[in-house]
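# kindly generate the corresponding structure for this input.
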Amino acid sequence: GNLTTYAYPHIVKDYEFGKGQKTLVKYTILLQAIIGVFVVGFIAVGKNSVSLLFERKNFTSEDVYIVYICTARFITGQLVIVGRDLIFRFFYAAEDIVSTVKNSVIASVSNILLSITLSQILGLYGIVIGTVCSGFISY
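This is a model prediction of the structure:
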């Protein structure tokens, strides 16, 4: 979120000069590269990190594994979410709020439906997968 907030003023300024799409592409590539590094880093050291943070008296290694898998699935979806958020910023720069509201409603409804449906099949994992899939739908 903070990264897209940094990019927004640049997108607005360049949109006014007719270079908004180039700036959007530039920041999308940059921010997805940054998020990509976090994804790879988390997958590389994530389970040990989660274990260090959470594995205590009431939190077993099985619980740590569940948190790790859910977080890995969720953080992988952030690659798409950062691109979507930048596209939203581009629409805001164009003063088109209606498109983003419609998209948000569709994403929210799909998130609810997918998460409820998949949670019946996959349990907790289904909620995470439903959330990530609704991000793809929104994108």
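# for this protein, what's the longest helix?
Secondary structure assigned by DSSP state H gives helix 20-54 as the longest helix of the chain.
# quick one: the lowest-mean-pLDDT helix or strand in the chain to helix 20-54, angle?
One helix or strand of the chain scores below all others by mean pLDDT, DSSP states H and E: helix 2-16, with a mean of 77. Angle, helix 2-16 to helix 20-54, by axes from the mean of the first three to the mean of the last three C-alpha atoms, to 10 degrees: 180 degrees.
# circling back: what's the helix or strand that the longest helix of the chain is followed by packed up against?
Next in sequence after helix 20-54, counting helices and strands by DSSP states H and E, comes helix 61-93. Counting by 3 or more C-beta pairs under 8 Å, 6 or more residues apart in numbering; DSSP states H and E, the packing neighbours recorded for helix 61-93 are helix 2-16, helix 20-54, helix 97-122, helix 124-138. Where you see a C-beta, it was placed from the backbone N, CA and C, and this is true even at glycine.
# make a markdown table from those helices and add mean neighbour count and distance to residue 90 to it.
Putting these into a markdown table (neighbours: other C-beta atoms under 10 Å; distance: least, C-beta to C-beta, whole Å) gives the following:
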| stretch | mean neighbour count | distance to residue 90 |
| --- | --- | --- |
| helix 2-16 | 15 | 6 |
| helix 20-54 | 15 | 5 |
| helix 97-122 | 14 | 10 |
| helix 124-138 | 18 | 14 |
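# now distance to residue 79 too, for those helices, in CSV please.
Output for these, formatted as CSV (distance: least, C-beta to C-beta, whole Å):
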stretch, distance to residue 79
helix 2-16, 12
helix 20-54, 5
helix 97-122, 16
helix 124-138, 9
